[in-house]
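Participant: Coordinates only, no sequence provided:
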């Protein structure tokens, strides 16, 4: 008991700000196996485990419908396209920020990031990632 208590004390507690997902495992039957009467809950064993949801990659689709007037020839109305960090490029600002944080804060080289993306089925070369870093450096220049 003394060794078990020492092991538990060294683990520490999981922070309270992390969201908790509760999973309740009920027995197959809550009827008494002897008399088949209803049983009451007298306690509950609780165990917390640390879990991770990996980064989720997604595609952001922007649709801009065009509208035309049937009565007026040549009149077409469409919302302007939103500004992009890299004109004509495919990354969102969040994607570029993710690559920059992984590169400089987590010390993850671009070739390893490209390998990790490839494991997810996303083929982006390290040269493209380097171009994203250059664009991010240009945009952050006024702050630096």
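Facilitator: Ah, there it is. Because the structure is a prediction, the values reported are computed rather than measured.
Participant: tell me which residues in the longest helix belonging to the chain are buried?
Facilitator: Longest helix in the chain, counting residues (DSSP state H): helix 126-140. Neighbour-count burial for helix 126-140 flags 126, 128, 129, 132, 133, 135, 136 (criterion: 16 or more other Cβ atoms under 10 Å). C-beta: built from backbone N, CA, C; applies to glycine.
Participant: now the residues you listed as TSV including pLDDT and distance to residue 73?
Facilitator: Output for those, formatted as TSV (pLDDT from 0 to 100; distance: Cβ to Cβ, whole Å):
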residue	pLDDT	distance to residue 73
126	94	51
128	95	43
129	96	47
132	95	43
133	96	48
135	94	41
136	94	45
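Participant: Would you verify that residue 96 is located in a helix?
Facilitator: Yes. Counting by DSSP: H, G, I helix; E, B strand; the rest coil, residue 96 is located in a helix.
Participant: Quick check: it vs residue 116, distance?
Facilitator: 16 Å (Cβ to Cβ, to the nearest Å).
Participant: Can you get me a residue count around the closest residue to residue 32 other than its chain neighbours?
Facilitator: Leaving aside its chain neighbours, residue 32 sits nearest to residue 39 (5.5 Å; criterion: Cβ to Cβ, 6 or more residues apart in numbering). Residue 39: 12 surrounding residues under other Cβ atoms under 10 Å.
Participant: ditto for residue 16
Facilitator: Residue 16, neighbours per other Cβ under 10 Å, totals 6.
Participant: Would you check how far apart residue 69 and residue 81 are?
Facilitator: 22 Å.
Participant: Do a quick rundown of the helices in this protein.
Facilitator: 2-11, 93-104, 110-119, 126-140.
Participant: For the most far-flung residue of the chain relative to its centre, give me its contacts.
Facilitator: Relative to the centre of the chain, and counting by Cα atoms, centre = their mean, the farthest-placed residue is residue 35 at 50.6 Å. By Cβ atoms under 8 Å, 6 or more residues apart in numbering, residue 35 lies in contact with nothing.
Participant: State the phi and psi torsions of it.
Facilitator: Per-residue torsions, residue 35: phi -110, psi 0 (degrees, to the nearest 10).
Participant: Just the pLDDT for it.
Facilitator: Listed pLDDT for residue 35 reads 90.
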